[in-house]
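# heads up, no residue letters with this:
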């Protein structure tokens, strides 16, 4: 039995393309491995708070010396990190908003990337002082965007601050392997879009199969 | 007289390097042009809410047909866009958090990049259907980061999802000219950092002078 962390980042509960992809992924997964645990964290519906000055002071203090306010500010971070640590596979279903993560998803990353919890920092390591504490996790990004051409070789790849940014942040969480399924051109609603939806959904079953094979 | 929009994005009220840069910028500016209007929007202290399904439904509806909930959801967006539209210069003082914008700053962009308010969308324009409605604005980014090498030619330029992302989003707000002052290597607290602080602050007066000349 393994644990999957399912993160939903779309603000839309209805007609969300990333949520539909995620439904597809988890139906396929659970029909084949019904005993795996799935933790659902819906940041689209319940956005985590942005970090505050008390949060920063709190995470740089010893747990025993936290003030009440600091304790309250880091409480959510503790919960989110707890969910993360026990997960083997992290599935992030997200739209691209304004060429990057929805603010709610960035708020999640800002809460879980935390010194001495998910990463360590040591200047003795020279110019690369940061190392993740966890390891061996797999990431699956299921995304949808209004425009297109954001993938390698695409016309808008330079504008893409969603996938490479998520991948960069995820390294600090112990992610060592990642997969990406994208739907593009939603706002154009043309053939490129319908092809993109079709091929994204068609890729879910082979993706599940290939991740399962590596377990 | 012109109007400047001063956006503060650091979660820190004390010992913030980006806020110190911003203080320096505005003291210099106001000592030379005391009659300009300055609008302060502190998203670090008061993070805007992440957009919701009602927000999305609201911005795609005619103003008359909004439900009460939708009206409430877009009210903050109306205020933030009002501040933006009347501004000639936008100054964004921000730390880099986890290689990108703080969630609070992304929440601001997600609130102000809004169809038929800050951009128009027309498929008749072909593959570039989006155009900003405003124009002629100037952007100043004043940033601070824990690591370094994020500028053109630096070792970590590929990890930088702060400056290029802000620039991409800002085009949709009518920004046509931009300047950037960065402090780096805060976490290393070494000579590179102290040099970076010194040179960033030294560049403020010439920057103000060159922006003023173009007015």
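Received it, and whenever you're ready, just let me know what you need. From a predicted model like this one, the values you see are computed outputs, not experimental measurements. Numbering: from 1, shown residues only, chains lettered A, B, ... in the order given.

# most residues in a single helix of chain A, which one?
Longest helix in chain A, counting residues (DSSP state H): helix A:68-85.

# following it, which helix or strand comes up?
Downstream of helix A:68-85, the first helix or strand assigned by DSSP states H and E is strand A:89-95.

# Now look at that following strand and say if it contacts chain B.
No: interface with chain B: strand A:89-95 contributes nothing (CB under 8 Å from any CB of the partner chain), its closest point being 10.1 Å away. Bear in mind the C-beta positions are built from the backbone N, C-alpha and C, glycine included.

# and what of stretch A:6-14?
Yes: counting by CB under 8 Å from any CB, chain B has neighbours in stretch A:6-14: A:11-14.

# tally of neighbours for residue A:12?
As a burial measure, residue A:12 scores 19 neighbours (other CB atoms under 10 Å in any protein chain shown).

# where's it relative to residue A:45, distance?
As defined by CB to CB, to the nearest Å, residue A:12 lies at a distance of 10 Å from residue A:45.

# Could you dump the residues of stretch A:6-14 next to chain B into JSON lines and include distance to residue A:201?
Compiled in JSON lines, the residues of stretch A:6-14 next to chain B are given as follows (distance: CB to CB, whole Å):
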{"residue": "A:11", "distance to residue A:201": "22"}
{"residue": "A:12", "distance to residue A:201": "18"}
{"residue": "A:13", "distance to residue A:201": "20"}
{"residue": "A:14", "distance to residue A:201": "18"}
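
# Most neighbours of all the residues you listed, which one?
The most crowded member of the residues of stretch A:6-14 next to chain B, judged by other CB under 10 Å, is residue A:11 (23 neighbours).

# Quick check: that residue touching residue B:59?
No: if you go by CB atoms under 8 Å, residue A:11 and residue B:59 don't touch, sitting 11.3 Å apart.

# ok, for the one residue sitting closest to the centre of chain A, nearest residue in space, not its chain neighbours?
With distances taken as CA atoms, centre = their mean, the residue of chain A nearest its centroid is residue A:92 (3.8 Å). Nearest residue to residue A:92 in three dimensions, chain neighbours excluded: residue A:7, at 4.8 Å (CB to CB, 6 or more residues apart in numbering or on different chains).

# in its sheet, what does the helix or strand hosting that neighbour sit against?
For residue A:7, the host element (DSSP H and E) is strand A:3-8. Strand pairing for strand A:3-8, determined by DSSP bridges: strand A:37-42 (parallel), strand A:89-95 (parallel).

# what residues are up against the closest residue to residue A:83 other than its chain neighbours?
By the measure of CB to CB, 6+ apart, the closest residue to residue A:83 outside its immediate chain neighbours is residue A:39, 5.0 Å from it. Residue A:39 makes contact with A:3-6, A:83, A:86-87 under the criterion CB atoms under 8 Å, 6 or more residues apart in numbering or on different chains.

# Just the buried subset of those, please.
Among those, those scoring as buried are A:4-6, A:83, A:87 (criterion: 16 or more other CB atoms under 10 Å in any protein chain shown).

# I'd say residue A:74 and residue A:60 touch.
No: with contact defined as CB under 8 Å, residue A:74 does not reach residue A:60; the gap is 10.5 Å.

# Neighbour count for those two, which is higher?
More neighbours surround residue A:74 than the other of residue A:74 and residue A:60, with 25 against 11 (other CB under 10 Å).

# confidence score at the more buried one?
Confidence at residue A:74, expressed as pLDDT, is 97.

# do the same with residue A:123
For residue A:123, the model assigns a pLDDT of 95.

# cool, the one 4 residues further on as well?
Predicted confidence (pLDDT) at residue A:127: the value is 87.

# Please apply the same query to residue A:31.
97.

# SS state for it?
The three-state label for residue A:31, taken from DSSP: H, G, I helix; E, B strand; the rest coil, comes out as helix.

# What is the burial count for it?
So residue A:31, with other CB under 10 Å, has 9 neighbours.

# cool, residue A:97 as well?
25.

# so it sits right up against residue B:110, yeah?
Yes: using CB under 8 Å, residue A:97 is in contact with residue B:110, at 5.4 Å.

# Please enumerate the shared neighbours of these two.
Shared contacts of residue A:97 and residue B:110 (CB under 8 Å, 6+ apart): A:103, B:51.
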